[in-house]
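> model the structure of this input:
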Amino acid sequence: MSVYTTVGRDELSAWLQPLGLGELISHAGIAAGMQNSNYFVTTASGRYVLTLFERIEPQALDFYLMLMARLSGRGIPCPQPLADAAGQLWRPLSGKPAALLSCLPGTADEAPTPARCRLLGATLADLHAAGADLPNPLPNPCGAAWRQAVGTALLPLLDRDEQSLLADELAFQQAQDYLALPRGIIHADLFRDNVLWDSRGQLGGVLDFYFAGEDVLLFDLAVVANDWCFDDLALTALIEGYTSRRRLSDAEVAAWPAIRRAAALRFWLLRLEVRQQPRHGDVVTIKDPDHFRRMLQGFRLAPEALSR
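Residues are numbered from 1 along each chain as shown. Take a look at the predicted model:
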């Protein structure tokens, strides 16, 4: 949630009028995330989050907002897009597509307990079930084809050691057959900073669905495991929470080590791409790609089977 596009007060005030939220009181940029421009917006009716979509095409944006509306309506604690009188969930603002969403309670937890990992696992399985029948889902924008294309493009820009690691991992992943694994709509970016916990310790919100798409469900679980689980207790709790709602197949259990590598590769590539081709903005967050390089190396050296 960086800020690449600046929004003036008068322009925003006019944009908000069709939503009938009363007078604009304040707006302030949010310095987190990497892809879109985000602001906290306070009006006479309450506090909201404004997102300006820097690179998302209208068809994809329609899908993301419809997905959030669907999930919110089915009990998943995620932002609810606000529609104007004509039912539009987004309109242009400062030359970019923009949407206003409900602001959910709570704060992120950088050191989640096993209990919270268990609750998140159950919520992730519920999310997969709630989005299962959404028509015409888009593919995961950073799926297997993206990983191969971006990885290949980045190879000449890396040093020798990184080139060797990346080339070998791309070849390994290309040789995997994930066709037998259950598929559906996944969040694909459910890091600790995309989950809010309220004052009672309950899960208050799941945020940032702008990498969502149809893919292997197990990939979503691996993304969460790679970011949330610092030890075996946390990982066991996450898997227990997830499987309390959806049982993993034998094929998924067998694919787990390779899928964890694929998830680490995806975020290593995403951060490498940002490092090699930085974008300009008022507030820009650039995250360290080496974290996921080291994680990928660890998974390659010591693959861990999944116990259920």
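> can you tell me the closest non-neighbouring residue to the spatially most central residue of the chain?
For the chain, Asp189 is the residue whose C-alpha lies nearest the centre (CA atoms, centre = their mean; 2.3 Å). With sequence-adjacent residues excluded and distances taken as CB to CB, 6 or more residues apart in numbering, Asp189 is closest to Phe211, at 4.3 Å. From N, CA and C alone the C-beta is placed, and that goes for glycine too.
> surely that neighbour is within a strand?
No: using DSSP: H, G, I helix; E, B strand; the rest coil, the secondary structure at Phe211 is coil, not a strand.
> and Gly184, how many neighbours?
18 (other CB atoms under 10 Å).
> ignore what I typed, I meant Ala263.
Using other CB under 10 Å, Ala263 has 25 neighbouring residues.
> now do Gln59
By the measure other CB under 10 Å, the count of residues near Gln59 is 9.
> that one: what's it in contact with?
Leu138 (CB atoms under 8 Å, 6 or more residues apart in numbering).
> pLDDT value on it, please?
What the model reports as pLDDT for Gln59 is 89.
> any chance you could map the helices in the protein?
Counting by DSSP state H, the chain has helices at residues 9-16, 58-73, 114-130, 144-154, 160-174, 217-228, 232-243, 250-276, 290-301.
> so which of those helices gets nearest Asn36?
Smallest distance to Asn36 across the helices of the chain (CB to CB): 10.3 Å, for helix 58-73.
> run the angle between that closest one and helix 114-130 for me.
Going by axes from the mean of the first three to the mean of the last three CA atoms, to 10 degrees, helix 58-73 is angled at 120 degrees with respect to helix 114-130.
> how far out from the middle of the chain is helix 58-73?
With CA atoms, centre = their mean, to the nearest Å as the basis, helix 58-73 stands 14 Å off its chain's centre.
> may I see the buried residues of that helix?
Buried residues in helix 58-73, counting neighbours by 16 or more other CB atoms under 10 Å, are found at 60-72.
> pull the CA atoms of that helix into CSV?
These are the backbone C-alpha positions of helix 58-73, laid out as CSV (Å, rounded to 0.1, in the frame of the first residue of the first chain):
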residue,chain,number,x,y,z
PRO,A,58,-10.7,-2.8,-15.5
GLN,A,59,-11.6,-6.5,-16.1
ALA,A,60,-9.3,-7.6,-13.3
LEU,A,61,-10.5,-4.8,-11.0
ASP,A,62,-14.1,-5.9,-11.5
PHE,A,63,-13.2,-9.4,-10.5
TYR,A,64,-11.3,-8.3,-7.4
LEU,A,65,-14.1,-6.1,-6.1
MET,A,66,-16.8,-8.6,-6.9
LEU,A,67,-14.7,-11.2,-5.0
MET,A,68,-14.5,-9.0,-1.9
ALA,A,69,-18.2,-8.3,-2.1
ARG,A,70,-18.9,-12.0,-2.4
LEU,A,71,-16.6,-13.0,0.5
SER,A,72,-17.8,-10.2,2.7
GLY,A,73,-21.4,-11.3,2.1
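> give me the low-pLDDT residue ranges for the stretch 1-150 of the chain?
1-2, 32-34 (pLDDT under 70).
> at 80 what do you get?
Segments of the stretch 1-150 of the chain classed as low confidence (criterion: pLDDT under 80) are 1-3, 31-35.
> before we move on, the earlier item: residues in contact with the residue nearest to the centre of the chain?
Asp208, Tyr210, Phe211, Ala212, Val223 are the contacts of Asp189 under CB under 8 Å, 6+ apart.
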